[in-house]
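*Asks:* next input, structure requested:
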Amino acid sequence: MIDALRSDEIVKKLGGRFKLCALIQRRMKELVVDGARPLIERAGRTDLELVIEEIMQDKIAPTWAAPEVATDDEEESAL
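*Replies:* Numbers count the residues shown, from 1 in each chain. Next up, the predicted model:
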């Protein structure tokens, strides 16, 4: 098992398990499907181990879009 996942440090770093899972999935897709290059030395690691280490070394971080807040004028025009 990956040691970083045993503690809650990585979960707290990203703000929750859901965000951690979403970031892992997004980066795994970049590596496997899109053919992105690893940001750290592979050194015989699996893709999942590589992604976790990139997160722990702050090589990747979430870039969540802020939720859009509708103004009163926009709400009235939608009606």
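*Asks:* residue 11 touches residue 21, doesn't it?
*Replies:* No. Look at residue 11 against residue 21 with C-beta atoms under 8 Å: they stay out of range, at 9.9 Å. Bear in mind the C-beta positions are built from the backbone N, C-alpha and C, glycine included.
*Asks:* the two: which is more packed in?
*Replies:* Neighbour count, other C-beta atoms under 10 Å: between residue 11 and residue 21, residue 11 has more, with 16 against 12.
*Asks:* what's the following helix or strand after the host helix or strand of that one?
*Replies:* Using DSSP states H and E, residue 11 maps to helix 9-14. Going down the chain from helix 9-14, the next helix or strand is helix 17-32, by DSSP H and E.
*Asks:* show the subsequent helix or strand relative to that next one.
*Replies:* Following helix 17-32 toward the C-terminus (DSSP H and E): helix 47-56.
*Asks:* what lies in contact with that next one?
*Replies:* 2, 4-5, 10, 13-14, 20, 23-24, 27-28, 31-32, 38-40, 42, 45, 60-61 (C-beta atoms under 8 Å, 6 or more residues apart in numbering).
*Asks:* let's see that with 6 Å instead.
*Replies:* With contacts defined as C-beta atoms under 6 Å, 6 or more residues apart in numbering, helix 47-56 is touched by 2, 4, 24, 27, 28, 31, 38, 39, 40, 60.
*Asks:* adding pLDDT, neighbour count and distance to residue 51, write the residues you listed out as a markdown table.
*Replies:* Converted to a markdown table, the contacts of helix 47-56 look like this (pLDDT from 0 to 100; neighbours: other C-beta atoms under 10 Å; distance: C-beta to C-beta, whole Å):
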| residue | pLDDT | neighbour count | distance to residue 51 |
| --- | --- | --- | --- |
| 2 | 80 | 14 | 10 |
| 4 | 84 | 15 | 10 |
| 24 | 93 | 20 | 5 |
| 27 | 94 | 22 | 5 |
| 28 | 94 | 15 | 6 |
| 31 | 94 | 17 | 7 |
| 38 | 92 | 17 | 9 |
| 39 | 92 | 14 | 10 |
| 40 | 91 | 14 | 10 |
| 60 | 90 | 16 | 8 |
